[in-house]
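J.: 3D model of this:
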Amino acid sequence: MRLTRRTALGLGTTTATTALLGTVTARAQAAPSAPAPTPSPAASTDDGPSDAPPTTRAEAHHAIAYRYAWETHRAGGVWSSVVSMADADGRFADVVADDADRVVEAYSVNKIAVAVAVLDKVDRGLLRLDQRVDVTADIVIQDTDGIFGLDGAYPSSVTLGHAMAALLTVSDNTAVRLCGLVCPARELNDILRAKGFTHTQVVPVTNPNRFFLGTTTPRETTTLLHRLAAGELLTESSTRYLLNALRSLTSFTDGIRLRLTSPERLRVATKAGWFNDGRNEAGLIFTPEGAPVVSYALFASGPFTGDAATNNADFGATHPALRARAGLGRTLMDATIHNGTTTAHPHRAKYSPRNGN
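T.: Numbers count the residues shown, from 1 in each chain. Here you go, the predicted structure:
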């Protein structure tokens, strides 16, 4: 049975609605073009926000802000987020700004920043995607994320392009070390700072070629995504490479993309990150024509609703934070229908399945 707003808050319907809207005001800052979130039959029911797609941009802003407040309230935890939407001219404005400048642990979301730094060196002719990097036994992380710990084919070598694809799609942690071989931690941070990202930094360790994935802020991650899509951080070919990897159906599907169809998933470039009680995700949603229309940077840590031990061991779609992101993802995708941004963009993808041969 679906958890209702009345059950979740332990209050009567009228009081519960008032309390939830207080959360909307506190956690979701509506963009100037959006009306203040108010309850209405079209916007919500006693079981939560309506799944009916909005029909105008203002309704889309309202639906996003309301859905974010509802889902994060129900999930519990501490959230720091930015959700932005582009206008008809492609200019992004915040729909949700919730503790947007707080420095947070990025976890694997910072693999986007790592990729930007490596591709920056590719663009400057210092590296090539087809050059090979050595995969040795001591560099392989024996975890259950990624593929390098599974193939048993080392010592060997792979191209840098293959390592980067594993980094961005299946979030392989050995791929982080392979990137560190060609872009050491301090150089990586210098590249990011030179591009204006002072909080989006990795944490160096004694070995100069290794690092922890470090920190960011929701605002900086959002800015990185906007500038990446606009072609301001990398060349056209490197931008296409990075976004195509993040849009692949191999990439993360348990959060924002969970309730989307395959064609819809291909319109979402996303990267998730998790460790301990942290559950993060950031990305872009594109129109069918390929224009970036929605961005999100969602960083959350516990305690979440439910049993803490169960939640801390759950990194899949059943975790409260991921259920919240799945609900928000459906609303974000529906909101793109009436956004009005039609400018063509080169970063498009089409799914072409094969049956062997």
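
J.: need the longest helix for the protein.
T.: helix 57-75 (DSSP state H).

J.: tell me what that one is packed against?
T.: Applying 3 or more Cβ pairs under 8 Å, 6 or more residues apart in numbering; DSSP states H and E, one finds that helix 57-75 contacts helix 5-9, helix 13-27, strand 48-49, strand 76-86, strand 92-98, strand 292-304, helix 320-335. In short, each C-beta sits where N, CA and C put it, glycine included.

J.: element containing the residue nearest to Thr159 when sequence neighbours are not counted, please.
T.: Counting by Cβ to Cβ, 6 or more residues apart in numbering, Thr159 lies nearest to Asp130, which is 5.3 Å off, once chain neighbours are set aside. Using DSSP states H and E, Asp130 falls within no helix or strand.

J.: for Asp130, give me the pLDDT.
T.: We have a pLDDT of 98 for Asp130.

J.: contact partners for it?
T.: Going by Cβ atoms under 8 Å, 6 or more residues apart in numbering, Asp130 touches 159-161.

J.: narrow these to just the buried residues.
T.: Leu160 (16 or more other Cβ atoms under 10 Å).

J.: filter the contacts of Asp130 down to just the ones in strands.
T.: Among the contacts of Asp130, the residues falling in strands (DSSP state E) are Thr159.

J.: element containing the residue nearest to the spatial centre of the chain, please.
T.: For the chain, the residue nearest the mean C-alpha position is Ala282 (1.7 Å; Cα atoms, centre = their mean). For Ala282, the host element (DSSP H and E) is strand 278-286.

J.: state the distance from the nearest residue to Pro54 once chain neighbours are set aside to Thr198.
T.: Nearest residue to Pro54 in three dimensions, chain neighbours excluded: Ala60, at 4.2 Å (Cβ to Cβ, 6+ apart). In this view, Ala60 and Thr198 are 32 Å apart by Cβ to Cβ, to the nearest Å.

J.: neighbour count winner among the two?
T.: Ala60 (27 against 11; other Cβ atoms under 10 Å).

J.: could you list the low-confidence segments of this structure?
T.: For the chain, the stretches flagged by pLDDT under 70 are 1-51, 338-352, 354-355, 357.

J.: please redo it, this time with the cut-off set to 80
T.: 1-53, 337-357 (pLDDT under 80).

J.: ok, back up a step: report the angle between the longest helix of the chain and strand 292-304.
T.: Counting by axes from the mean of the first three to the mean of the last three Cα atoms, to 10 degrees, helix 57-75 points 20 degrees away from the direction of strand 292-304.

J.: buried residues in helix 57-75?
T.: In helix 57-75, counting by 16+ other Cβ under 10 Å, buried: 57, 59-75.

J.: repeat for stretch 83-94
T.: 83-86, 90, 92, 94.

J.: swap in stretch 186-193?
T.: 187-189, 191-192.

J.: now stretch 245-261
T.: 245-248, 251-260.

J.: Gln131 is in contact with Leu160, correct?
T.: Yes. In this structure, Leu160 is within contact of Gln131 by Cβ atoms under 8 Å, at 5.4 Å.

J.: between the two, what contacts are shared?
T.: Val182.

J.: direction included, what does the strand holding Ala282 pair against?
T.: strand 268-275 (antiparallel), strand 292-304 (antiparallel) (DSSP bridges).

J.: so which of these gets nearest Tyr241?
T.: With Cβ to Cβ, the closest approach to Tyr241 among those belongs to strand 268-275: 11.7 Å.

J.: export the strand holding Ala282 as PDB, just CAs?
T.: Taking Å, rounded to 0.1, in the frame of the first residue of the first chain, the C-alpha atoms of strand 278-286 are listed here in PDB:
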ATOM      1  CA  GLY A 278      25.800   9.200   1.100                       C
ATOM      2  CA  ARG A 279      23.700   8.900  -2.000                       C
ATOM      3  CA  ASN A 280      24.400  11.400  -4.800                       C
ATOM      4  CA  GLU A 281      23.500  12.000  -8.400                       C
ATOM      5  CA  ALA A 282      24.000  14.700 -10.900                       C
ATOM      6  CA  GLY A 283      23.300  15.200 -14.600                       C
ATOM      7  CA  LEU A 284      21.500  16.800 -17.600                       C
ATOM      8  CA  ILE A 285      18.300  16.000 -19.400                       C
ATOM      9  CA  PHE A 286      18.100  16.800 -23.100                       C
END
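
J.: thinking again about what came up before, helices - which of the buried residues of stretch 186-193 land there?
T.: Per DSSP H, those map to helices at 187-189, 191-192.
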